[in-house]
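Trainee: Fold the following and give me the result.
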Amino acid sequence: MSPAFLPSPLARGLAALSLTLLAAGCAQLPPAPPPGPQRQATPPQLAQAGQVGLAPEQLNRLLNQPLYRMKPAELSPYLAWLQLAEPDLRRRIAALARQNIGQPYELYLLGEFPFESYDGQPLFNLEKSDCVVFAEHVYAMALSASWEEFFWMLQRLRYRDGVIGVATRNHYTEADWNPANRWLLQDITAELGGPRAQAYTQRIDRQAFLRKQFKIERAIPVQQFEDRFIRKEDVAAIEAQLQDGDFVNVISGRDGGYWASHVGLIVTGADGRRQLLHSAEPAVREESLQDFIARMNERDARQAGQNKPALAGFKFLRLNERPEVPPMAPQPRPARPAALTAALAN
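Mentor: As a prediction, this is how the structure comes out:
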């Protein structure tokens, strides 16, 4: 492993501190889902488990344990084993995503605590997810071979240049998250949609957003962001071209404006249909793209006249063949209050 991919000492410290805080205050988990057919490791899988220090009984137990019920100490060797057992990144993403089906949903789940206190939510929580957290966790796990690497990778995905902070978090899906993670995914919406891809514009005012949501001031100019999406009516014509691990932005609209209101991952069903695997109320689930569209159309029909956003279409981002993870920028030392600095100087 290249030194650029190793977790920083600060990341290790934050992981340990976050784990302590979560262990002290986490809520009781919901009842376990009904057990399905028990998976048994094959002889090659058992041999690979031995290479990373997993005993046969441990591997068989973890194969049948949802990710959201694993502890960090269990997840770490499991990720190392999965790197050996499933070397194809796309299939590894699909396997991890499916092993998290049933994970409880909670909106606005994560923040920067204990690194910052603007958002009191912790930096990680394996037990629950919202749509973005689910996708970030799956991608970070698929790219990692240990708990430490997973935690490091998670911050690389979530924050601009990996610098933890509410002001550097990738808040806007199209204008922040997608461009910041071009090393992992490329937007293929215009390529798939061709002349039918619909253009839209967003006015991104990060300064106003941070002031309203977190009461902090940052001098950030307003951005006019141009983008494209594929209308829901046109998705059936292109969905056969989608691949496991593709990142889906669900585009909603109201009063002529459009934005990404939800995200998920593409996986291929046993029948070859393209499925949307995503975290939504009440839990992570897998459903076909066409079933999702039909369900949203029914919801929008019920909400007609209520001035609520309706499903408009989708954006699709394709995994790079061999993603090269950029190094994480050094974490800056927090500035001291000016009054304290002056007092210490006297």
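
Trainee: can you pull out the helices in this protein?
Mentor: Per DSSP state H, the chain carries helices over the ranges 9-25, 43-51, 56-63, 72-85, 89-98, 131-142, 147-158, 178-180, 189-193, 206-214, 289-302, 338-345.

Trainee: just so I know, which of those helices lies nearest residue 113?
Mentor: With Cβ to Cβ as the criterion, residue 113 lies closest to helix 9-25 of the helices of the chain, at 7.6 Å. Any C-beta I mention is one placed from the backbone N, CA and C, and that applies to glycine too.

Trainee: still on that earlier bit, and the helices of the chain: which comes nearest residue 241?
Mentor: Closest among the helices of the chain, using Cβ to Cβ: helix 189-193, at 6.1 Å.

Trainee: Can you give me the buried ones in the closest one?
Mentor: 189, 192-193 (16 or more other Cβ atoms under 10 Å).

Trainee: what's the answer for stretch 203-214, then?
Mentor: 204, 206-207, 210, 214.

Trainee: Can you name the residues that contact the residue positioned nearest the centre of the chain?
Mentor: When Cα atoms, centre = their mean is applied to the chain, the residue found nearest the centroid is residue 136 (2.0 Å). Contact analysis of residue 136 by Cβ atoms under 8 Å, 6 or more residues apart in numbering lists 154, 157-158.

Trainee: can you list the residues you listed in a markdown table and add distance to residue 55, neighbour count and pLDDT?
Mentor: Conversion of the contacts of residue 136 to a markdown table gives the following (distance: Cβ to Cβ, whole Å; neighbours: other Cβ atoms under 10 Å; pLDDT from 0 to 100):
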| residue | distance to residue 55 | neighbour count | pLDDT |
| --- | --- | --- | --- |
| 154 | 27 | 24 | 95 |
| 157 | 31 | 21 | 97 |
| 158 | 33 | 23 | 96 |
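
Trainee: Make a markdown table out of those residues and add distance to residue 323.
Mentor: Output for those, formatted as a markdown table (distance: Cβ to Cβ, whole Å):
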| residue | distance to residue 323 |
| --- | --- |
| 154 | 15 |
| 157 | 11 |
| 158 | 16 |
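
Trainee: between those residues, which is closest to residue 68?
Mentor: Out of the contacts of residue 136, the member with the shortest distance to residue 68 (by Cβ to Cβ) is residue 154, at 14.9 Å.

Trainee: Quick check: buried residues in stretch 214-223?
Mentor: For stretch 214-223, a neighbour-count test (16+ other Cβ under 10 Å) marks residue 214 as buried.

Trainee: Let me see the residues that make contact with that stretch.
Mentor: With Cβ under 8 Å, 6+ apart as the criterion, stretch 214-223 contacts 118-119, 166-167, 175, 203-207, 210-211.

Trainee: redo that, cut-off 10 Å
Mentor: Among residues not part of stretch 214-223, those counted as contacts by Cβ atoms under 10 Å, 6 or more residues apart in numbering are 111, 116, 118-119, 165-169, 172, 175-176, 202-211.
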